[in-house]
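Student: sequence first, predicted model second:
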Amino acid sequence: MHRIAEMEIHNYRSCKKTLIKLEPFTPLVGYNNAGKSNILKCLDALVRGKGQTISNFFDPDKPIEIIARLVGLGDEALNHLSGNQKSSLEPYIENGTLDIRFYQEKPGTAKNAVVLGIRSPGKLQDEWANPNGLPQAITTLFPEPTFINSMEDSAEDVSKFKAGNTIGKLISNLQKEIIKTKGEEINTALSAIGKKLNLDGEERLKEFSDFDDSINGKIGDFFPGLTLNIDIPTPDISDLFKQGNIKVKETGNQQVTDFVNMGHGAQRAIQMTLIRHLAEITKDATKEGKTNLLLIDEPELFLHPQAIEQIRGSLKALAKKGYQVVFSTHSPFMIDQIDISITNIVRKNDEGTVVESRLKEAIEKVLDDNESQARLLFDTYNLGQILFSDMVLIAEGDTEKHVLPTLFQAVRGKTLGEEKLALVIATGLPNIPGMLSILNEMNIPAKALADLDFAFTVAKSKNLIDKHHPDLESCLDIIQEIQPKHGFLLNGRNPTRGNNFKASDIFELLAKEEKAKDHIENIRQYFKNSSIWVWSLGAIEPHLCLEAKETGEWYKFKQKLLDNPLNEVLEDNSHINEFVEWCVS
């Protein structure tokens, strides 16, 4: 299936200079007013090739330019073009790929307001060519898009027949099936009607003849020699089907209701149901050699979670049957696990709408061994948070997962979500650097929380700190000094598991030593400059007076936070308050 693989937008609405990559199924996520809808509208404008009014220009003194790369232009697609159209495009196609350009110098909807151009992808320095029949070739490859705007009346898409809307496509498909099986029967019935209504009908009704005689007796007074006859043409099958619409009947109510009289939730549910049905019946759409663009703004609007997942499945089915589906969403239910890597995060800054690097490109650019971190980063637990947040907090383990949300709310008076923070659990210190690198490449702000042993192990191995940093060396000296007192094991100078100690336990013992405090604080400040918070007491548990890393302790602590003033629950108020402020700063 051919499709639009990427698009570069200049000066269209909020898209001053925006680059976006597209797949057969492409989710767009981002806050309100980031420009997601403008990207959908830009796709619509590109394919339609129609002039844009001044309201669609970011700067009315500069042109709108949209450059798109088409891929998958094989024989199946090209054979659908006329001979002239095909010969016009083929010289510019390289390995099934073609660049097209929409260019409008000034606002306006005049016929020649837009100039379309094509270019070989491998010859970016060449001028844009505009061969005869180019607009028709583009609209043949990409028929009129179906655009469903979240804020527009669903009735426009469902209750009124148009060639490009949902009900129009469904009725057209139904028409084809009926003509195959009942065409002769319907034409016979229409012919019988025509005999009674048409001017030359064999059984024309007497009322028509009487009407003709009446007006012809009068027209002669003004224009002698003229004869008037009324003619009622017989509609063909397609005319009849164009009158089709949706009627609604509820259980327990015999009254038939027009679609437009239903509530917004019911309208959206019906609309998405019809799209889902369209996905099931368009199994042979790709045989036509065309790709239909389906552009939907917030398909989940007014739908409950189960319905959202169903419409997501239907849209994915359409993406495999001759449709390129691009949609905006605020719901994590609209993004399946497998589609996270190709989800576009849309943001707006002083330069207008920008689309950040996708996870797919971030993984390719970042270190080769980060696939496990990427899977962890975007598992089901983390999905809705990362894609829809301003800042990601990466924490090490289960204690943070269970305790931090309640602790944060108790200190801040707001939830993590209200502060647009996402909490991601790394399930181990080694995952933290890779996760930070991936998020940084995606331009998603991120901070990490780590136990003190992170500085001596993972950070050193990943070259996040000099292996012989003086404060690290001083701390290792102190650990050697206190080893005989506690009886823990060392591997050279480094703490190791054994004698009922974990390495992390040894660093918590280090944090209790008065002469280690300045060195630990220096280490903490060093990592804070790299957006990593290191707990001064070695781990989060000592700060919260938790005796163990287990469910019972977490539950009791959260209950204390709910039942008592914060200063009665926390022994180390200042450190926790500093931590929370660091999270939101």
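Tutor: Yep, that arrived. Computed from a predicted structure; not experimentally measured.
Student: quick check: closest non-adjacent residue to residue 505.
Tutor: The spatially closest residue to residue 505, leaving aside those adjacent along the chain, is residue 488, at 7.3 Å (Cβ to Cβ, 6 or more residues apart in numbering). Quick note: C-beta positions are derived from backbone N, CA and C, even for glycine.
Student: give me the domain ranges for this structure.
Tutor: As assigned by automatic domain parsing, the chain contains the domains 3-160+264-347, 166-244, 356-584.
Student: and the helix or strand harbouring residue 361, average pLDDT?
Tutor: Assigned by DSSP states H and E, residue 361 falls within helix 359-365. For helix 359-365, mean pLDDT rounds to 83.
Student: low-confidence ranges in the chain?
Tutor: The model of the chain has pLDDT under 70 over residues 151-161, 163-167, 259-260, 263-265, 276, 278-289, 367-384.
Student: which one's the longest helix in it?
Tutor: Using DSSP state H to define each element, the chain has its longest helix at helix 166-197.
Student: quick check: buried residues in that one?
Tutor: Neighbour-count burial for helix 166-197 flags 166-171, 175, 190, 194, 197 (criterion: 16 or more other Cβ atoms under 10 Å).
Student: only alpha carbons, please: show stretch 351-368 as PDB.
Tutor: Only the C-alpha atoms of stretch 351-368 are listed here, as PDB (Å, rounded to 0.1, in the frame of the first residue of the first chain):
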ATOM      1  CA  GLU A 351       8.600  28.500  17.100                       C
ATOM      2  CA  GLY A 352       5.100  27.000  16.800                       C
ATOM      3  CA  THR A 353       4.200  23.400  16.600                       C
ATOM      4  CA  VAL A 354       7.000  20.800  16.800                       C
ATOM      5  CA  VAL A 355       7.000  17.000  16.700                       C
ATOM      6  CA  GLU A 356       9.600  15.300  18.900                       C
ATOM      7  CA  SER A 357      11.700  12.400  17.900                       C
ATOM      8  CA  ARG A 358       9.700   9.200  18.200                       C
ATOM      9  CA  LEU A 359      10.800   6.300  20.400                       C
ATOM     10  CA  LYS A 360      11.700   4.300  17.200                       C
ATOM     11  CA  GLU A 361      14.300   6.900  16.100                       C
ATOM     12  CA  ALA A 362      15.500   7.500  19.700                       C
ATOM     13  CA  ILE A 363      16.400   3.900  20.200                       C
ATOM     14  CA  GLU A 364      18.200   3.800  16.800                       C
ATOM     15  CA  LYS A 365      20.200   6.800  17.800                       C
ATOM     16  CA  VAL A 366      21.000   6.000  21.400                       C
ATOM     17  CA  LEU A 367      23.200   3.100  22.500                       C
ATOM     18  CA  ASP A 368      22.600  -0.400  21.000                       C
END
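Student: what about that stretch, distance to the chain center?
Tutor: Chain-centre distance of stretch 351-368: 14 Å, with Cα atoms, centre = their mean, to the nearest Å.
Student: show the contacting residues for the closest residue to residue 521 other than its chain neighbours.
Tutor: Closest residue in space to residue 521, ignoring its immediate chain neighbours: residue 536 at 6.8 Å, by Cβ to Cβ, 6+ apart. Shown in contact with residue 536 (Cβ atoms under 8 Å, 6 or more residues apart in numbering): 452, 511, 517, 520-521, 524, 543, 575.
Student: assign a three-state SS to residue 536, would you?
Tutor: Judged by DSSP: H, G, I helix; E, B strand; the rest coil, the three-state class of residue 536 is coil.
Student: secondary structure element for residue 466?
Tutor: Using DSSP H and E, no element contains residue 466; it sits outside every helix and strand.
Student: ok, it - contacts?
Tutor: Shown in contact with residue 466 (Cβ under 8 Å, 6+ apart): residue 472.
Student: one more: residue 145?
Tutor: Residues in contact with residue 145 (Cβ under 8 Å, 6+ apart) are 43-44, 47-48, 164, 292-295.
Student: measure it to residue 290 for me?
Tutor: Relative to residue 290, residue 145 is positioned 12 Å away (Cβ to Cβ, to the nearest Å).
Student: so where do the strands sit in the stretch 1-150 of the chain?
Tutor: Per DSSP state E, counting those that start in this stretch, the stretch 1-150 of the chain carries strands over the ranges 3-12, 15-21, 25-29, 64-71, 98-104, 114-119, 146-148.
Student: can I get those strands in a markdown table with mean neighbour count?
Tutor: Shown next, in a markdown table, are the strands of the stretch 1-150 of the chain (neighbours: other Cβ atoms under 10 Å):
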| stretch | mean neighbour count |
| --- | --- |
| strand 3-12 | 21 |
| strand 15-21 | 20 |
| strand 25-29 | 23 |
| strand 64-71 | 21 |
| strand 98-104 | 22 |
| strand 114-119 | 19 |
| strand 146-148 | 23 |
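Student: out of those, which comes closest to residue 357?
Tutor: Among those, the nearest to residue 357 by Cβ to Cβ is strand 15-21 (9.3 Å).
Student: returning to that earlier point: name the helices or strands packed onto the helix holding residue 361?
Tutor: Helices and strands touching helix 359-365, by 3 or more Cβ pairs under 8 Å, 6 or more residues apart in numbering; DSSP states H and E, are helix 371-377, helix 431-441.
Student: any idea how far the closest residue to residue 116 other than its chain neighbours lies from residue 96?
Tutor: Spatial nearest neighbour of residue 116, chain neighbours left out: residue 134 (5.2 Å); criterion: Cβ to Cβ, 6+ apart. According to Cβ to Cβ, residue 134 stands 18 Å off from residue 96.
Student: coming back round to it: so which of the domains of the chain comes closest to residue 250?
Tutor: With Cβ to Cβ as the criterion, residue 250 lies closest to domain 3-160+264-347 of those, at 9.1 Å.
Student: the nearest residue to residue 99 once chain neighbours are set aside: what's it in contact with?
Tutor: Take residue 99 and drop its neighbours on the chain: the residue closest to it by Cβ to Cβ, 6+ apart is residue 119, 4.6 Å away. Remark: with contacts taken as Cβ under 8 Å, 6+ apart, residue 119 is in contact with 92, 98-101, 126-129.
Student: ok, now with 10 Å
Tutor: Residue 119 is in contact with 67, 69, 92, 98-101, 125-129, counting by Cβ atoms under 10 Å, 6 or more residues apart in numbering.
Student: dump those into CSV; add distance to residue 410 as well.
Tutor: Shown next, in CSV, are the contacts of residue 119 (distance: Cβ to Cβ, whole Å):
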residue, distance to residue 410
67, 52
69, 51
92, 63
98, 58
99, 56
100, 56
101, 56
125, 61
126, 63
127, 65
128, 61
129, 65
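Student: and stretch 317-325, how far out from the chain's middle?
Tutor: With Cα atoms, centre = their mean, you get 16 Å for stretch 317-325.
Student: mind checking the end-to-end distance for that stretch?
Tutor: This stretch, stretch 317-325, spans 10 Å end to end (Cα to Cα, to the nearest Å).
Student: in stretch 26-41, what's buried?
Tutor: Going by neighbour count (16+ other Cβ under 10 Å), the buried part of stretch 26-41 is 26-30, 34-41.
Student: quick check, nearest of these to residue 397?
Tutor: residue 29 (27.9 Å).
Student: find the nearest non-adjacent residue to the closest one, please.
Tutor: Leaving aside its sequence neighbours, residue 29 sits nearest to residue 387 (Cβ to Cβ, 6+ apart; 4.9 Å).
Student: the one you found: how many residues sit nearby?
Tutor: Residues near residue 387, counting by other Cβ atoms under 10 Å, number 23.
Student: need the contact list for it.
Tutor: 27, 29-30, 329-330, 332, 335, 340, 343-345, 359, 378, 422, 442, 444.
Student: that'll do, ta.
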